[in-house]
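Colleague: here's a sequence, model it:
(2 chains, ligands or ions: 2)
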Amino acid sequence: MATAVQSVERENYLNSNYGIKSWLLTSDHKRIAMLYLISITAMFWIGGFFAMLIRLELLTPAGDLVSSDTYNKLFTMHGIIMVFFFLIPSVPAVIGNFVIPLMIGAKDLAFPRINLLSWYIYMAGAITAIVAMVTGGVDTGWTFYTPFSTTYSNTHVIGAAIGIFIAGFSSIFTGLNFIVTIHRMRAPGMTWRRLPLFCWSNYAAALIMVLGTPVVAITLLLVALERAFNIGVFNPQLGGDPLLFQHLFWFYSHPAVYIMILPGMGVISEIIACFSRKRVFGYEFVALASIAIAVLGFLVWAHHMFVAGISVYAALVFSLLSYLVAIPSAVKVFNWTATLYKGSIRYETPMLYAFGFIGLFTVGGLTGVFLASLGIDVHVTDTYFVVAHFHYVMVGGMVMAYMAGLHFWWPKISGRMYPEAWAKLSALLVFVGFNTTFFPQFILGYMGSPRRYHAYPPEFQVLNVLSTAGASILAVGYVLPMIYFLWSLRYGELAPPNPWNAVGLEWMTPSPPPTHNFDETPIVTWEAYDYEHQPQEEVSVGH
Amino acid sequence: MHNLQDRFHPGSAQEHFDPMSHVVPIRMYVTIWAALMIFTGLTVFAATVELHVFNIVLALLIATIKGTLVALFFMHLRYSTKLTMVTVIAAIFFLFILFGLSMTDYLTRAWLTNTIH
Ligand code: HEM
Ligand SMILES: [Cu+2]
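Modeller: Numbering: from 1, shown residues only, chains lettered A, B, ... in the order given. Ligands and ions are numbered 1, 2, ... in the order given. Sure, this is the predicted structure:
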C-alpha cells in the first residue's frame, strides 16, 4: 500500500499538467501513445460496425439486408479501416510508443516531435478516408485491384487511396523513430543481446514500415493518377499492365502482414516469459527470427497472385519462397512452447490472451502454408478459406496480442488495476467467439463458398449462422474490456510499480511513470528475462 | 537538466556527427547542377533517336546517374557516416528485390504459351 500511495501522489505523465492543449501539443511518447489509443479505438469500432452489418447480411442466403453495391462498400471499408487505420498502428503506435523508451531506459523516443507529427498525419489520413466513406464510400476491396479501381468503379476511390497514402507517412515516421531510438538511446549496459524481444520485433516491423510503405504510397498515388488522368501505367491499351498493380501492392502488403504480426509476437514473448517465470527459450533465435521474417517477408508477395495470370514459373518460385517464411514463424512458436516447459505458469489475463495467440496464430500460419502451395491455392483462392486464414492471423493473432499487451501494461499506463475476473471472462469470450466466427469459414471456403458476395446458396446457411452468432459473442468480448478499462481509471485499485513481478526496466519506475520516465538513467547489468536468477523482491522494489 | 544531448546514450558519443559541419564549396553545387542540366538535355535528345527497347534502358540509365549525383552531393551522402551509407544501400537492395522478383514473372510469362503454340 505504501508504494501505491506514493505513486498517486508523485508527479506522473498524467497529472503533470492538464488541459486539451497539454495533450494536443505534447511531445511525451506516453501521451502520444494515449492519443493513438483513443483514435485507433474509435476506428476499431467503426470497422467493427461495418463487420456487424456484413455478418447480419450473411445471416440469410438471400441478399436482403443491403444491396450488392452496398455490400461491396461494407467489406471494402471494413478492410481499409481495420488494416490501415487499426491493425498497422495498433501494437507499435500504442504499446510500442509507450513502452519501448521505458524498456530501454530512455527518457523518450529519439524524435519526440516527429512522433507527435505522426499522430497528426495519422488523423489527417483517417479523416480523409472517413470523408470518402461517408460521402459515398468505396467498393474496390481493401486491395484496390486494377482495372476495376482505375477504370470501372464509380465510387470514392481517390479519396480513400489518398487517405491511406497520408496515413502511410505516419507509419514511416513511427518506424523511423523506433529504429533510431533502439540504435541510439539504449541505457548503459542495455546491449543488443539484452534487449527485450518486444524491442527486437518492433525493430523488425519498423524496418518493414520504412522500406515497404513508400512503395504502397506510390502505388496508390499511381491508381489515383491513372483514374484522374489516364496515364496508362496499369492500362494495357496504353502499354501498361494491370498485374503490375498487384505486384506493387503486394510487395508492400505481404510484408505489411508482418507489420501486423511481428509487434504482436513481441508482446507474447514478454508475457510468456513473465507468467512462466523463465527466460525465453533460445532468446537469440527468437530475436533473429524477427529479422528473418522481416527480410523473407519481402520475397513472397506473388503468392497472392497465383491465379491472376502471372507466369507459372514465377508462381513456382514464389510458392517455394513462401514456405521459407514459415520457418522463422515456427521457431517462435516452438520457442514459446519450450519456454512454458517446466515454468511456474500463472493464468492471469495477459497469459490467457497469450495462450489464445499461440494456438490461433499456429492455425492461421499453417493454413497460410496450405495457401502457399499452388495445388491447394487454386482450389480455395478467393473463397472463405482465405478469409478464415487471415482472420486467424490478424484477429486471432494480432488483436489477441494487442489485448494481451493492453492488459499486461494497463497498470503501468493508467496506474490502476483492472478487475481480474471480468478480464478473464472477456478473454474467454473472445477466444470462444473468435473460433465460432471464423472456424466455420474454413469449412465454407473448402466447400467452395466464394468471398465478397452478399448472397450464397442455401446449403451454406448453417455455417454462416454459426459465424454470425460467433461474431456477436466476439463483440461482447471486445465491449467488456472497453467498459472495465474506463471503469478502472476511476475505481480500479491503485497499481504498484510492478504488479506482475516482472523483470524489465519499465517495471522499475512508478505506475504511471513520471514524464521523464526514470529519475536516474538505469544501468543494466543483467540479461533480458532474468527470471531464474534475479531475486524477486529485489526486482520489484526498484523505485 | 533533461536536455536533448543526455537523452542519447553516452556510449554512442563516438559516433557523434554533425551533418551541418561539412562546408561544401558553392562551385561544387554549380558543377553538379550543370551536369544535371547536360543529362537532361541528353535525355531529351535520346528520346528522338529510335533505339527500340534501349530507349527506355538509356532513359533509366541517365535518370539513375542523375539521382545518384543528387544523393551523393546535394544530399551530402558522400560526406555522411557509414551507417547512412548502409541505410541507402539497403533501400537500393530492396528495390532490386522488387525489380528482380517481378522479372521472374515478366520474363517468363510467355514461355508456356510459346511451347503450347
Ligand atoms: C506462415 C506464414 C504465412 C503464409 C505462408 C501465408 C500465405 C498466404 C497466402 C498464400 C495467401 C493468398 C491466398 C489467396 O489469396 O489465394 C494469404 C492471404 C492472406 N494472408 Fe497470409 N500467410 C502467412 C501469414 C500471414 C500473416 C501473419 C498475416 C497477417 C497478420 C497474413 C495475412 C493475410 C491476408 C490479409 C491475406 C489475404 C489478402 C486478401 O486477398 O485480401 N498471412 N496468405
Ligand atoms: Cu502474403
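Colleague: number of residues surrounding the residue of chain B found nearest ligand 1?
Modeller: Nearest residue of chain B to ligand 1, counting by CB to the nearest ligand atom: residue B:101, 15.1 Å away. Every C-beta, even on glycine, is put in place using the N, C-alpha and C of the backbone. Using other CB atoms under 10 Å in any protein chain shown, residue B:101 has 20 neighbouring residues.
Colleague: what's the burial count for the closest residue to it other than its chain neighbours?
Modeller: Spatially, and ignoring its direct neighbours in sequence, residue B:101 is nearest to residue A:299 (6.6 Å; CB to CB, 6 or more residues apart in numbering or on different chains). Using other CB under 10 Å as the criterion, residue A:299 is surrounded by 19 other residues.
Colleague: re earlier: just to check, the residue of chain B closest to ligand 1 is in contact with residue A:302?
Modeller: Yes - contact criterion CB atoms under 8 Å: residue B:101 and residue A:302 qualify, at 7.3 Å.
Colleague: between the two, which contacts overlap?
Modeller: Shared contacts of residue B:101 and residue A:302, defined by CB atoms under 8 Å, 6 or more residues apart in numbering or on different chains, are found at A:314, A:318.
Colleague: around ligand 1, pick out the residues from the stretch 151-300 of chain A.
Modeller: Applying CB under 6 Å from any ligand atom, we find that the stretch 151-300 of chain A lies next to ligand 1 at A:257, A:260, A:261.
Colleague: list the contacts for residue A:478?
Modeller: Taking CB under 8 Å, 6+ apart, we find residue A:478 in contact with A:44, A:48, A:426, A:430.
Colleague: which element, helix or strand, includes it?
Modeller: Take DSSP states H and E as the rule and residue A:478 turns out to sit in helix A:461-491.
Colleague: any idea how far that helix is from the middle of the chain?
Modeller: Distance, stretch centre to chain centre, for helix A:461-491: 18 Å (CA atoms, centre = their mean, to the nearest Å).
Colleague: tell me the mean pLDDT for it?
Modeller: Across helix A:461-491, pLDDT averages out at 97.
Colleague: please enumerate the helices of chain B.
Modeller: B:4-7, B:26-47, B:53-69, B:82-106, B:109-116 (DSSP state H).
Colleague: centroid-nearest residue for chain B?
Modeller: Among the residues of chain B, the one closest to the centroid is residue B:68, at 4.5 Å (CA atoms, centre = their mean).
Colleague: residue A:393 and residue A:261 touch, don't they?
Modeller: Yes - counting by CB under 8 Å, residue A:393 touches residue A:261, with 6.1 Å between them.
Colleague: in chain B, where is pLDDT below threshold?
Modeller: B:1-22, B:113-117 (pLDDT under 70).
Colleague: repeat the analysis, applying 80 as the threshold.
Modeller: Across chain B, the ranges flagged by pLDDT under 80 are B:1-24, B:112-117.
Colleague: one step back: quick one: which of the residues of the stretch 151-300 of chain A next to ligand 1 sit in helices?
Modeller: Applying DSSP H to those, the entries found in helices are residue A:257.
Colleague: can you tell me how far the closest residue to ligand 1 within the stretch 151-300 of chain A sits from chain B?
Modeller: Going by CB to the nearest ligand atom, ligand 1 is nearest to residue A:257 of the stretch 151-300 of chain A, at 3.4 Å. Distance, residue A:257 to chain B, by CB to the nearest CB, to the nearest Å: 17 Å.
Colleague: would CSV of the contacts of residue A:478 with neighbour count and pLDDT be doable?
Modeller: Formatted as CSV, those follow (neighbours: other CB atoms under 10 Å in any protein chain shown; pLDDT from 0 to 100):
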residue, neighbour count, pLDDT
A:44, 20, 98
A:48, 19, 97
A:426, 26, 97
A:430, 26, 98
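Colleague: mark which of these are part of helices, please.
Modeller: A:44, A:48, A:426, A:430.
Colleague: domains of chain B: list them as residue ranges, please.
Modeller: In the domain annotation for chain B, the residue ranges read B:1-80, B:81-117 (automatic domain parsing).
Colleague: distance between the last one and the chain's centre?
Modeller: When you say that, I think you mean domain B:81-117. Taking mean C-alpha positions (CA atoms, centre = their mean), domain B:81-117 and its chain are 16 Å apart.
Colleague: any idea which residue of chain A lies closest to ligand 1?
Modeller: Closest to ligand 1 within chain A is residue A:368: 2.6 Å, counting by CB to the nearest ligand atom.
Colleague: just to revisit the earlier point, and the residue of chain B closest to ligand 1, how far from residue A:311?
Modeller: With the distance defined as CB to CB, to the nearest Å, residue B:101 ends up 12 Å from residue A:311.
Colleague: identify the residue spatially nearest to the residue of chain A closest to ligand 1, adjacent ones excluded.
Modeller: Nearest-residue entry for residue A:368: residue A:389, 5.9 Å, with adjacent residues in sequence omitted and distances by CB to CB, 6+ apart.
Colleague: got the contact list for the residue of chain B closest to ligand 1?
Modeller: By CB under 8 Å, 6+ apart, the contact set of residue B:101 is A:299, A:301, A:302, A:314, A:317, A:318.
Colleague: by neighbours, which of these wins?
Modeller: When neighbours are taken as other CB under 10 Å, the top entry among the contacts of residue B:101 is residue A:302 (27 neighbours).
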